[in-house]
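1. please work out how this folds:
(one chain, ligands or ions: 1)
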Amino acid sequence: MTEPSTKKQKPDPCSFVIFGATGDLTHRLVIPALYNLAAGDLLPEKFCVVGIARKGMSSDEMRDSLMKGLKQYKTRPIDDAVAKRLLECVTCIEADPKDPGSFDGMRERLEKLESNRATGGNRLFYLATPPVAFAPIAKQLGRAGMLKEDGAWRRLVVEKPFGTDLASAKMLNGELLKIMDEHQIYRIDHYLGKETVQNILVLRFANGMFEPIWNRDHIDHVQITVDEKIGVGHRGNFYDSTGALRDMVPNHLFQLLSLVAMEPPAKFNAQAVRSEKAEVLAAIQTQNEAEALKNSVRGQYQAGKSGDAEIGDYRKTEEVKPDSTTETYAALKLTIDNWRWAGVPFYLRTGKALGIKRTEVAIKFKQAPFAMFRDTPVDRLSQNYLVIAIEPTEGITLQFNTKVPGPVINIDGVEMKFRYKDYFQAEPTTGYETLIYDCMIGDNILFQRADSVEAGWQAVQPFLDAWKKAGSKGLEPYKAGSEGPDAANELLKRDGRIWRKLG
Ligand code: BG6
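-> Residues are numbered from 1 along each chain as shown. Model (predicted):
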């Protein structure tokens, strides 16, 4: 059993300014992650947290509310002294982008606080707000001079969703880049906070045996699956205007795809890694309307049972239109038009209210020639998969063929399994610790650059357009608790392939 090594560098002194400090994300993830960093002695020596609230709230009220959140969402037992020290440095300041003057007031208070706390003027602005607020807040921060790097660093953290299509993502990038430089923007995709996702790079590039076979000569196809058991729950309003494709594919599934498909970067640094990721996303072949319809499946769940949970019809969810054509399941076939991957399909699937929660990348290798076994009792060879399991199991499995012991030649598929928990003992985390820590030390390797966000939207735009035009035509119903619509199986069957069985 190995203890994971912890990054020891302490971040520079700074203020951590949270917009949306009264919201769910701050309580559920940001503060518990800051607590875990504090417990690991990974917060700056000189540090303050500023919670921005629109309606009048005192610092004491904000601390109480954050403490309640921390107790509810903690990932490990709370050490009262550590929690108290963290929350003592929380100050509530009022600011509303609709009232530009409030940002001038905020700047004055922030500067005073920074001089008391000796944070040196370094600031991290964390936008834990609905996306419509991203540009207005950034604009006011810029206007009030709070983003100018005059001897101190100034960074802006933006949560997903970054745009709702290619045009809006470009517009948002344009607006932010008018106010600040790309190096100041940290676009979060929480999938990059997952150890197993970060490990894809290490698996591919820290081991000599994979790279020579990681290409169209040896790989038949790749399957990327993010299946969820939960339905839409109370997020009907957000989800009905978003859908499975926008919610999951250009961000989370494309993070997995780009790590699996990118070329080896020359160096392990943000510039090199992010450039290769952007390149491979830009190489996803753009499909015309007919191709997009042929190479995609969308579904919507109907009432059913997933595990023990009864899930009602999607269309009967609170704040969902009764005739909604929003997809809760999406499957796509994509191809990457470069020398490594030409002709290798990437099949992606994701959905809500399915029978199993599973996130994995399965690399299917080409079949060995069968001829040698033709005159033996062997009638088939099992598939050779390398499976990168992200959740809930964290590990890597290699499936290969082996001889069944006995006098008669017989062959069966077996598995070699690696599970993280068998080797490493890691403290449970929120998944945000590394991301927040990296923002504070200025390492943006795990954050999305403007070009890769736009390349992601570019690749899904034909599907968004084709589905919008098709309306309810082609929207496949599936039962909650099932594997999704049958049409998703057809998508692979017509290529002579099948989805890997989950669970
Ligand atoms: C979020 C989506 O970004 O990711 C949710 O908005 C989804 O709809 C979630 O449930 C999935 O994240 P994870 O880490 O549970 O796979």
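2. doesn't Leu70 belong to a strand?
-> No: secondary structure of Leu70 (DSSP: H, G, I helix; E, B strand; the rest coil): helix, not part of a strand.
3. looks to me like Arg298 is in a helix.
-> No: counting by three-state DSSP, Arg298 is not found in a helix; it is strand.
4. for the residue nearest to it when sequence neighbours are not counted, give me its contacts.
-> Spatial nearest neighbour of Arg298, chain neighbours left out: Glu327 (3.7 Å); criterion: Cβ to Cβ, 6 or more residues apart in numbering. C-beta here means a position set from N, CA and C on the backbone, and glycine is covered the same way. Contact analysis of Glu327 by Cβ atoms under 8 Å, 6 or more residues apart in numbering lists 243-245, 298-300, 467, 475.
5. and what of Gln255?
-> Counting by Cβ under 8 Å, 6+ apart, Gln255 has contacts 189, 191-192, 197.
6. low-scoring stretches of the protein, by residue?
-> 1-7 (pLDDT under 70).
7. quick check on the residue nearest to Arg298: phi, psi?
-> Here is the backbone geometry of Glu327 (degrees, to the nearest 10): phi -80, psi 140.
8. Gln399 now?
-> Dihedral angles for Gln399 - degrees, to the nearest 10 - are phi -100, psi 130.
9. ok, the residue nearest to it when sequence neighbours are not counted - contacts?
-> Nearest residue to Gln399 in three dimensions, chain neighbours excluded: Tyr385, at 4.5 Å (Cβ to Cβ, 6+ apart). By Cβ under 8 Å, 6+ apart, the residues touching Tyr385 are 362-365, 397-399, 500.
10. try Leu464
-> So Leu464 contacts 165, 245-246 (Cβ under 8 Å, 6+ apart).
11. between those, which is closest to Leu492?
-> Leu245 (18.3 Å; Cβ to Cβ).
12. identify those among the contacts of Gln255 that sit within helices.
-> Among the contacts of Gln255, the members found in helices (DSSP state H) are Val197.
13. redo the contacts of Gln255 as JSON lines? Include neighbour count and distance to the ligand.
-> Listed next are these as JSON lines, based on neighbours: other Cβ atoms under 10 Å; distance: Cβ to the nearest ligand atom, whole Å:
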{"residue": "Asp189", "neighbour count": "22", "distance to the ligand": "8"}
{"residue": "Tyr191", "neighbour count": "24", "distance to the ligand": "7"}
{"residue": "Leu192", "neighbour count": "20", "distance to the ligand": "11"}
{"residue": "Val197", "neighbour count": "23", "distance to the ligand": "10"}
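14. now the residue nearest to Gln399: how far from Glu415?
-> Per Cβ to Cβ, to the nearest Å, Tyr385 is found 9 Å from Glu415.
15. anything in contact with each of these two?
-> Common contact partners of Tyr385 and Glu415 (Cβ under 8 Å, 6+ apart): 397-399.
16. can you give me the buried ones in stretch 282-302?
-> Residues of stretch 282-302 classed as buried by neighbour count (16 or more other Cβ atoms under 10 Å): 282-284, 287, 291-293, 295-302.
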